[in-house]
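# Here's a sequence, model it:
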Amino acid sequence: MVEGSDRDTSSKLKTIVIGAGPVGALAALYAAQRGHQVEVYELRADLRDASTIPLNFTKSINLALSERGTNAIKHSSLSGKDLLARVVEQTVPMGGRMIHGKDAYGSFTEKPQAYDINGRALLAADRGELNKTFLDELEHLPNVQLFFNHKLTGADFKNNKAWFEIFEQNQEKAKTRKDARNREVEISFDFLIGADGAHSAARYHLMKYQRMDYQQEYIDTLWCEFTIPAMTNQSSRFAISPNHLHIWPAKDFMFIAIPSSDGSFTCTLFMPSSHFSSLERETERVPTFFDTHFPGVTSLIEPQALINSFVKNPHLPLISIKCSPYHFQDCAIILGDAAHAMVPFYGQGMNAGLEDVRILFNILDEDASAHEHTNGRSPSRAAALQKYSKIRAPDAHSINQLALENYVEMRASVISPVYKLRKWLEETLSLYLPGLGWRTRYSRVSFGNEPYAQIIQKSKRQTDLLIAGLAGVATTSLVVGSFVARYRFRRSSGGILSEVFGLLRR
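Numbering: from 1, shown residues only. Purely as a prediction, here's the structure:
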């Protein structure tokens, strides 16, 4: 593979993308379609190779592709609709949640909750297949080069240079080399896009140049992956409904299952670290624990398979990251988890990252010169990056907070009568009084493109109106009730009260 070329004096902007995951690959597509000379650098081996080990040593939580993500894919190029069609072919639509539990008689129950009153659905997507589709698309573009096994080790954002350590694909060859150090290359660029995940090297080096506010938080919840296998010799490959996100809520923790196109379900246990530690000491208790808290799961996953998955698969932390600004001058920006890693409970992590790409390039498109190579600094690109940081940070912080709050909804509120009443009220108002613009918060987040910060404001206003309305109904009921009681009391008091009021009138 030919190493990256130096910047030239042509009008082509040289853009390098750090990270070849879904967000980085989509950013490369957007840049390439605008005539940039694009180079993508990825720490891991080719992500399309099944032998490539993910950074967290697991397949990771399946993705729920929503409107924000599909909209970004659709606008990636002139053939974006075709690209989106290929992505959608690989997904399974989920029209809502299926809440699992037990009734008062000890029987297993499944209660569906639609996501949207209008029947819209999320798309369960396999991260690897989505990534493969994007990378295959990039590989056919003449102005794109892909470099795997390249680790970003340094960056000079004042002189627009980056350094990469190259890992040998043949590890045996690497071990026998006399020089123990891997080869390092220096790359020049006009524009660097960092999309290399929560533990971003691009962000680390950017913080040396930009006064960036940064906040990192680990919540007291770990996650572990399990699998419900596909059915064989059955009319359906799916052991449970394929068109739902399945939830076993247990108030302080939960177990979920997301369908895959092959008939299996990728499952995830979310639980406080203390519970994991307890089960780690006595792994033979895992099936009993599941029977107690997640009724029916042991009929879908063999008890020994549950134990094996619990022991073999890592118990991984959940990180929440907020930072701002996201750019430095005209030459660098971070997107996706590198800028705003969030917990997965709203299914918006990847969707927000893909939306980052669309919004960034929409702003860059406002001035064509932002896409041109210059021998010096580009004021138009610097202004565009500054605008992006200013408008995107409040939205990223908002969805970060919403994701944390939605964990409570998924593991506890979904079985609460108050939650169900509010959902019914909001959906009824949305359906029968559309002129009010009333929508549930979930519908606004997952099935629209409104800025996240605006959604929080509108949701708060709706909550205040609901509370005021319910308070008004309660007050009216009390007033009417008091008048009725007074009327009955006066009638039952008979002539005594009549005489008293008669005397008072005199």
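# contacting residues around residue 368?
Neighbour list for residue 368: empty [criterion: Cβ atoms under 8 Å, 6 or more residues apart in numbering]. (Glycine included, C-beta is placed from N, CA and C.)
# wait, I meant residue 77
29-30, 33, 83.
# again, only this time at 10 Å
29-30, 32-34, 83, 137, 141 (Cβ atoms under 10 Å, 6 or more residues apart in numbering).
# wait, what's in contact with residue 215?
By Cβ under 10 Å, 6+ apart, the contact list for residue 215 reads 320-324, 397, 400.
# Do I have it right that residue 386 meets residue 364?
No: when contacts are counted by Cβ atoms under 10 Å, residue 386 is not listed as touching residue 364 (11.8 Å).
# Which of those two has more residues huddled nearby?
Of the pair residue 386 and residue 364, residue 364 is the one with more neighbours under other Cβ atoms under 10 Å, namely 24 against 16.
# show me what contacts that one?
Contact partners of residue 364, counting by Cβ under 10 Å, 6+ apart, are 13, 30-31, 34, 191, 333, 370-371, 380-381, 384-385, 387-388.
# if you look at those, which of them are in helices?
30-31, 380-381, 384-385, 387-388 (DSSP state H).
# so which two of the contacts of residue 215 are the farthest from each other?
320 and 324 (14.4 Å; Cβ to Cβ).
# Residue 219 belongs to a strand?
Yes: looking at residue 219 with DSSP: H, G, I helix; E, B strand; the rest coil, it is inside a strand.
# Just give the number of residues close to it.
With other Cβ under 10 Å as criterion, residue 219 counts 16.
# if I look at it, how far off is residue 253?
Residue 219 sits 12 Å away from residue 253, going by Cβ to Cβ, to the nearest Å.
# Please enumerate the shared neighbours of the two.
270, 272, 407.
# The last one and residue 223 touch, don't they?
No: under the contact definition of Cβ under 10 Å, residue 407 does not touch residue 223, with a separation of 11.2 Å.
# which neighbours do those two share?
When contacts are counted by Cβ under 10 Å, 6+ apart, residue 407 and residue 223 are jointly contacted by 270, 318, 343-344.
# Which pLDDT value goes with residue 201?
Note for residue 201: predicted pLDDT of 97.
# wait, it sits on residue 19?
Yes: using Cβ under 10 Å, residue 201 is in contact with residue 19, at 9.0 Å.
# Of these two, which one has the most company?
For residue 201 and residue 19, the more surrounded residue by other Cβ under 10 Å is residue 19, and the numbers stand at 29 against 21.
# Next, the buried residues of stretch 193-211.
For stretch 193-211, burial by neighbour count (16 or more other Cβ atoms under 10 Å) applies to 193-198, 200-203, 205-206, 210.
# Ok, stretch 221-238 next?
Per 16+ other Cβ under 10 Å, stretch 221-238 contains these buried residues: 221-228, 230, 237-238.
# And the helices in the stretch 401-506 of the chain, which stretches?
Secondary structure of the stretch 401-506 of the chain (DSSP state H, counting those that start in this stretch): helices located at 417-432, 441-446, 452-493, 495-505.
# Which residue ranges of the stretch 51-200 of the chain form strands?
Assigned by DSSP state E, counting those that start in this stretch, the stretch 51-200 of the chain shows strands spanning 63-65, 92-94, 96-102, 108-114, 122-125, 144-147, 150-156, 161-166, 183-188, 191-194.
# Let me fix that, I meant to ask about the stretch 301-450 of the chain.
Counting by DSSP E, counting those that start in this stretch, residue ranges of the strands within the stretch 301-450 of the chain are 316-324, 327-328, 332-334.
# Make a markdown table from these and add mean pLDDT to it.
Shown next, in a markdown table, are the strands of the stretch 301-450 of the chain (pLDDT from 0 to 100):
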| stretch | mean pLDDT |
| --- | --- |
| strand 316-324 | 96 |
| strand 327-328 | 98 |
| strand 332-334 | 98 |
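# Just put the ones you listed in JSON lines and tack on distance to residue 90 and mean neighbour count.
Shown next, in JSON lines, are the strands of the stretch 301-450 of the chain (distance: least, Cβ to Cβ, whole Å; neighbours: other Cβ atoms under 10 Å):
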{"stretch": "strand 316-324", "distance to residue 90": "25", "mean neighbour count": "18"}
{"stretch": "strand 327-328", "distance to residue 90": "33", "mean neighbour count": "26"}
{"stretch": "strand 332-334", "distance to residue 90": "28", "mean neighbour count": "28"}
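# out of the ones you listed, nearest to residue 23?
Of all these, strand 332-334 sits nearest to residue 23, with 10.1 Å by Cβ to Cβ.
# other SSEs contacting that closest one?
Counting contacts by 3 or more Cβ pairs under 10 Å, 6 or more residues apart in numbering; DSSP states H and E, strand 332-334 packs against strand 14-18, strand 191-194, helix 201-206, strand 327-328, helix 349-364, helix 379-411.
# Least confident of the ones you listed, on average?
Going by mean pLDDT, the lowest-scoring of the helices and strands packed on strand 332-334 is helix 379-411, which has a mean of 93.
# relative to helix 349-364, how tilted is that helix?
160 degrees (axes from the mean of the first three to the mean of the last three Cα atoms, to 10 degrees).
# Could you pull out the buried residues of helix 379-411?
Under the neighbour-count criterion of 16+ other Cβ under 10 Å, helix 379-411 has 380-382, 384-389, 392-393, 395-404, 406-407, 409-411 buried.
# Surely residue 185 is in contact with residue 152?
No: with contact defined as Cβ under 10 Å, residue 185 does not reach residue 152; the gap is 11.0 Å.
# Show me which of the two is the more surrounded one.
More crowded of residue 185 and residue 152, by other Cβ under 10 Å: residue 152, with 24 against 15.
# what's across from that one in the sheet?
residue 164 (DSSP bridges).
# Keeping just the C-alphas, turn stretch 218-230 into PDB.
Extracted in PDB, the C-alpha atoms of stretch 218-230 (Å, rounded to 0.1, in the frame of the first residue of the first chain):
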ATOM      1  CA  TYR A 218     -18.000   6.300  34.400                       C
ATOM      2  CA  ILE A 219     -21.400   5.300  35.700                       C
ATOM      3  CA  ASP A 220     -21.700   2.400  38.200                       C
ATOM      4  CA  THR A 221     -22.900   0.000  35.500                       C
ATOM      5  CA  LEU A 222     -21.000  -2.700  33.600                       C
ATOM      6  CA  TRP A 223     -22.200  -4.600  30.500                       C
ATOM      7  CA  CYS A 224     -21.700  -8.100  29.300                       C
ATOM      8  CA  GLU A 225     -22.800  -9.700  25.900                       C
ATOM      9  CA  PHE A 226     -24.800 -12.800  25.400                       C
ATOM     10  CA  THR A 227     -26.500 -14.400  22.400                       C
ATOM     11  CA  ILE A 228     -29.900 -15.900  21.800                       C
ATOM     12  CA  PRO A 229     -29.100 -18.400  18.900                       C
ATOM     13  CA  ALA A 230     -31.200 -18.500  15.700                       C
END
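# heads up, I number from 31, so please use that
Got it, first residue is 31 now, which makes that one stretch 248-260.
# so how far is it off the chain centroid?
16 Å (Cα atoms, centre = their mean, to the nearest Å).
# same check, this time on stretch 470-490
Put simply, stretch 470-490 sits 14 Å off its chain's centre (Cα atoms, centre = their mean).
# For that stretch, buried residues please.
Neighbour-count burial for stretch 470-490 [16+ other Cβ under 10 Å]: 470-477, 481-483, 485-486, 488-489.
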